[in-house]
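Chemist: pasting the sequence and the predicted coordinates here, then a few questions.
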Amino acid sequence: MANKIIGNPLPNMPWQEKPEGYTEPVWRYDSNPIIGRHATKRSNSVFNSAVIPFEGKFAGVFRCDSKSISMDIFAGFSEDGIHWTINETPIQFEGEDKEILNREYRYDPRVCFIEDRYYITWCNGYHGPTIGIAYTFDFKKFYQLENAFLPYNRNGVLFPRKINGMYAMLSRPSDTGHTPFGDIFYSQSPDLTYWGRHRYVMGTVKGDASAWQSTKIGPGPIPIETEEGWLMIYHGVINTCNGFVYRMGAALLDLDQPWKVLLRSKDYILAPHELYECIGDVPNVTFPCATLTDADTGRIAIYYGCADTVTGLAFTTVDELINHMKNNPL
């Protein structure tokens with residue numbers, strides 16, 4: 001392992017070795033999808049969800065759109081990170097201000113452990129999409145904080161530790177619609193309430209230099225700290241004659257100034273090729289929201305939404321992704 005992950009060992013994380021003769025940097029779990037669309041009694045789809053190690057096992061927050069197509073987030077638990085039991089009722093948040101607790105919709109959560117608790121961020125409907133923040137200690141009781149930003153914003157992703165003494169977050173400013181644009185920005189906060197020092201990280205790529213990310217991009221899982229920088233897996237979108245297509249890419253950000261991009265992949269790392277990624281409520285989507293990592297081996301498991309319908313699992317290593325960027329730089 002030439003490139004080391006800074007973090008904890010996770011020997012019980014899901015893993016399959018790279019298939020013999022396979023040349024791509026990311027490979028799929030051979031029993032995908034791991035979570036079907038009817039994982040709860042009322043769910044129409046379960047996708048774009050986040051998982052994390054918890055008490056020697058695994059916990060997560062899942063986007064479960066209902067059969068009435070309402071969008072909300074639900075806690076879930078797993079022994080092995082593959083087979084999941086998801087609660088039948090959505091998370092009921094507590095908080096000091098009832099104004100913030102009003103729900104329009106909640107979707108596309110991320111989960112990040114910082115210091116002594118688990119923080120959840122999600123796209124929160126408050127007169128348009130913004131970034132909701134909450135924390136939990138046990139995935140049973142959840143306390144909601146202030147929304148991070150004014151509408152409109154999506155894909156709020158916290159860093160797993162303070163940077164220069166400040167909480168840090170990636171996000172993608174957006175609009176009220178389907179957002180036919182989008183760049184990634186960095187923001188910081190002393191207290192998770194007041195956010196500022198916003199910095200541009202990177203944007204779309206015009207022309208044919210890397211057309212798969214020409215319409216919009218957005219941060220995906222919690223950034224992975226490595227010796228060389230923050231490893232960011234993100235989604236990129238192209239608008240084709242058949243609609244939007246969502247693929248995955250990778251970038252490496254400076255450890256102390258994460259708005260500075262050190263490496264970025266020209267070629268995507270995973271694209272909707274399998275049937276469950278191409279056919280569903282929104283065809284042709286691979287949307288990463290979470291990773292599990294093992295610092296001892298450099299292994300990475302990627303959880304991703306497939307066609308906005310089911311949840312898939314894929315595998316890679318820190319060496320695979322960093323070498324992919326170095327061999328295919330943008």
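Modeler: Looks like it arrived, so ask away.
Chemist: now for Gly95, how many residues are close by?
Modeler: Residues contacting Gly95 under the criterion other CB atoms under 10 Å number 14. Where C-beta positions appear, they are placed from N, C-alpha and C, glycine not excepted.
Chemist: I'd like the distance between the spatially closest residue to it that is not a sequence neighbour and Ala134.
Modeler: Spatially, and ignoring its direct neighbours in sequence, Gly95 is nearest to Gln144 (4.0 Å; CB to CB, 6 or more residues apart in numbering). As defined by CB to CB, to the nearest Å, Gln144 lies at a distance of 4 Å from Ala134.
Chemist: of these two, give the one with the bigger neighbour count.
Modeler: Neighbour tally, Gln144 and Ala134, criterion other CB under 10 Å: the higher count belongs to Ala134, 24 against 20.
Chemist: overlap of the contact sets of Gln144 and Ala134?
Modeler: In terms of CB atoms under 8 Å, 6 or more residues apart in numbering, Gln144 and Ala134 are both contacted by the residues 93, 95.
Chemist: hmm, back to that, run through the residues that contact the residue nearest to Gly95.
Modeler: Taking CB under 8 Å, 6+ apart, we find Gln144 in contact with 93-95, 100-101, 132-134.
Chemist: any of those residues buried? List them.
Modeler: The neighbour-count test (16 or more other CB atoms under 10 Å) applied to the contacts of Gln144 identifies 93, 100, 132-134 as buried.
Chemist: over to Ala148. Which of the three states is it?
Modeler: coil (DSSP: H, G, I helix; E, B strand; the rest coil).
Chemist: which non-adjacent residue is nearest it?
Modeler: Here the nearest residue to Ala148 in space, its sequence neighbours aside, is Ile131; by CB to CB, 6+ apart that works out to 4.1 Å.
Chemist: surely that neighbour and Trp122 touch.
Modeler: Yes: the pair formed by Ile131 and Trp122 meets the contact definition of CB atoms under 8 Å, at 7.5 Å.
Chemist: so these two - more neighbours on which side?
Modeler: Of the pair Ile131 and Trp122, Trp122 is the one with more neighbours under other CB under 10 Å, namely 29 against 26.
Chemist: give me phi/psi at Asn327?
Modeler: Backbone torsions for Asn327, taken as degrees, to the nearest 10, come to phi -80, psi -20.
Chemist: so who does it touch?
Modeler: Neighbouring residues of Asn327 by CB under 8 Å, 6+ apart: there are none.
Chemist: which one of the contacts of Gln144 is nearest Leu192?
Modeler: Ile133 (6.0 Å; CB to CB).
Chemist: identify the contacts common to Ile131 and Trp122.
Modeler: Joint contacts of Ile131 and Trp122 (CB under 8 Å, 6+ apart) are Gly156.
Chemist: if I pick Val205, what's in contact with it?
Modeler: Counting by CB under 8 Å, 6+ apart, Val205 makes contact with 211, 213-214, 330.
Chemist: gap between stretch 11-19 and the chain center?
Modeler: With CA atoms, centre = their mean, to the nearest Å as the basis, stretch 11-19 stands 20 Å off its chain's centre.
Chemist: run through who's touching it.
Modeler: 27, 29-30, 53, 56, 80-82, 292-294, 296, 299, 301, 313, 315, 320.
Chemist: just the buried ones among the residues you listed, please.
Modeler: Once neighbours are counted (16+ other CB under 10 Å), the buried part of the contacts of stretch 11-19 comes down to 27, 29, 53, 81, 292-294, 299, 301, 313, 315, 320.
Chemist: now name the helix or strand holding the residue positioned nearest the centre of the chain.
Modeler: Central residue of the chain (CA atoms, centre = their mean): Cys289, 2.1 Å from the mean position. Assigning secondary structure by DSSP states H and E places Cys289 in strand 286-294.
Chemist: elements contacting that strand?
Modeler: In terms of contact count using 3 or more CB pairs under 8 Å, 6 or more residues apart in numbering; DSSP states H and E, strand 286-294 is assigned the packing partners strand 43-54, strand 106-114, strand 230-240, strand 243-253, strand 299-306.
Chemist: how big is the angle separating that strand from strand 230-240?
Modeler: 160 degrees (axes from the mean of the first three to the mean of the last three CA atoms, to 10 degrees).
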